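In: could you look at this predicted model? Sequence included:
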There are 2 protein chains.
Amino acid sequence: MSDKRTQLIEATVDLFSKEGFWNTSTARISKHAQVATGTLFNYFPSKEALIDAVYLQLKKEVRDFVLEAYPERGELRERMDHIWDHYAMWAVANPVRYRLLEQLRLSDLVSQAAIDKMEEELAFMFEVVGEAHKQGLYGKLPFGFVSMIIHAHLETTINYAIAQGLSGRKLKNHLKLGAETLWQGIGAKG
Amino acid sequence: MSDKRTQLIEATVDLFSKEGFWNTSTARISKHAQVATGTLFNYFPSKEALIDAVYLQLKKEVRDFVLEAYPERGELRERMDHIWDHYAMWAVANPVRYRLLEQLRLSDLVSQAAIDKMEEELAFMFEVVGEAHKQGLYGKLPFGFVSMIIHAHLETTINYAIAQGLSGRKLKNHLKLGAETLWQGIGAKG
DNA sequence: TGAAAAAGTGACTAGTCAGTCATTTTACTG
DNA sequence: CAGTAAAATGACTGACTAGTCACTTTTTCA
């Protein structure tokens, strides 16, 4: 991975976060990366390709963090908790990158190819949700609905933690509270 | 309210939904509204003012729908259910407008003044959340966290209903299920 | 009816954009 | 060193942008 490529991606993350996608021209990115405008297009054939690369880079960072010490062969609940905690901790430790990732996800700027590629690499996360469903942990709720609830609730838990600037033990407690609220809500009754 | 003003707002809603904000120029909006480019700027001093007007128009539509037959003096739970159901039903009946509203909310394109103005007009919705908090309905959860959860969960409930194309009795049942899940999750224990 | 006001028009301006390409600089090889 | 390939450069292009303004058409009302 070339040095200039990394510089360009980091400059893009920085400017997108500070100014938003739409106020960030390729010229500004090049300048910020201390590189000529043409050089950007030596590394990325188009602005869209650069955005894809930024998206994939950030997703890769999350995945790597979540997979650190991941209990591959542990109990379902243990794996779920690991993902929940690590995903949230990465987000809280990297709020700028997390926000950018969320914005990119909703923006239509990332190509379907890039999204597909990353969903493949994050498959292990979706698997645990499916596994829990098979074990009947969700009661009568439809699977698709539960998936959406889990995702939204994790996002909300993260957003609150970032807004409150939680860290350390307070963060741990909040994440636990968030998870409890979720399970209490979607858990099978009785 | 002038006819051309309405045409321009509707054309903007239409193009923003179809093409996104950033691929929609004032020239295209004018053309779509069958009006000259200059006419747009007779009605709105700038593109931003037009976007504000679109935002306020959509919010007004939601508010009017929610306030229809609103049980102003009813029990807290009755009022909450009314808001929950009507907000969601508007969204499901107007998915394009709902999506645009959500996107605008996250986009930084709407001026703070417009946001403030609308929050004032939607104050009655926030009040019920606060009232429920005072009655201790949320148990040990912090108020700010509960507010975010309620909002996110309503959004999720709506998104699932739209994705599944629910309507009629199926929609009613789904909304009830969504509300139950929420209360089961955030409700005070014991 | 006629004159003044209001509403509507679209060619135009000044500026921005993504992307190109002829040229220069750097890195490598023998 | 020389010779060559690869990398980097930045002035430039054509397409597009929000917004303007001198002008035309329509509406109003005495």
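Out: Received, thanks. Numbering: from 1, shown residues only, chains lettered A, B, ... in the order given.

In: quick one: mean pLDDT for the helix or strand hosting residue A:154?
Out: Secondary-structure assignment from DSSP states H and E places residue A:154 in helix A:143-164. Helix A:143-164 shows a mean pLDDT of 97.

In: run the chain-centre distance for it.
Out: 12 Å (CA atoms, centre = their mean, to the nearest Å).

In: show residues contacting it.
Out: A:84, A:87-88, A:91-92, A:95, A:98, A:102, A:126, A:129-130, A:133, A:138, A:141, A:171, A:174-175, A:178-179, A:181-182, A:185-186, B:142, B:144-145, B:148-149, B:152-153, B:155-156, B:159-160, B:163-164, B:177-178, B:181 (CB atoms under 8 Å, 6 or more residues apart in numbering or on different chains). Placement of C-beta: from N, CA and C, glycine included.

In: any idea how far residue A:81 is from the residue in chain A that chain B sits nearest to?
Out: Nearest residue of chain A to chain B, counting by CB to the nearest CB: residue A:185, 2.5 Å away. Going from residue A:185 to residue A:81 by CB to CB, to the nearest Å gives 17 Å.

In: between these two, which has more neighbouring residues?
Out: Higher neighbour count among residue A:185 and residue A:81: residue A:185, with 21 against 17, using other CB atoms under 10 Å in any protein chain shown.

In: so what's the more buried one up against?
Out: A:149, A:153, B:181, B:182, B:184, B:185, B:186.

In: kindly write the ChimeraX command that selects the buried subset of the contacts of helix A:143-164.
Out: A single ChimeraX command is used to select the members of the contacts of helix A:143-164 judged buried by 16 or more other CB atoms under 10 Å in any protein chain shown:
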select /A:84,87,88,91,92,95,98,129,133,138,141,171,174,175,178,179,181,182,185,186 /B:145,148,149,152,153,155,156,159,160,177,178,181
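
In: out of the contacts of residue A:185, which is nearest to DNA strand C?
Out: Nearest to DNA strand C, judged by CB to the nearest atom of the strand, of these is residue A:153 at 35.3 Å.

In: which parts of the helix or strand encompassing residue A:117 are buried?
Out: Under the criterion of DSSP H and E, residue A:117 resides in helix A:112-121. Within helix A:112-121, the residues scored as buried using 16+ other CB under 10 Å are A:114, A:115, A:118.

In: what's in contact with that helix?
Out: If you take CB under 8 Å, 6+ apart as the criterion, helix A:112-121 is touched by A:52, A:55, A:56, A:59, A:60, A:63, A:126.

In: and it, how far from the chain's centre?
Out: Distance of helix A:112-121 from its chain centroid, counting by CA atoms, centre = their mean, is 13 Å.

In: who are the packing partners of the next helix or strand after it?
Out: Downstream of helix A:112-121, the first helix or strand assigned by DSSP H and E is helix A:123-134. Using 3 or more CB pairs under 8 Å, 6 or more residues apart in numbering or on different chains; DSSP states H and E, the elements in contact with helix A:123-134 are helix A:76-93, helix A:143-164.

In: close to chain B, is the shortest one?
Out: So the one you mean is helix A:76-93. No: judged by CB under 8 Å from any CB of the partner chain, helix A:76-93 stays clear of chain B, getting no closer than 13.5 Å.

In: could you chop chain A up by domain?
Out: Listed domain ranges for chain A are A:1-44, A:47-186 (source: automatic domain parsing).

In: residue B:39 is nearest to which of those domains?
Out: domain A:1-44 (25.4 Å; CB to CB).
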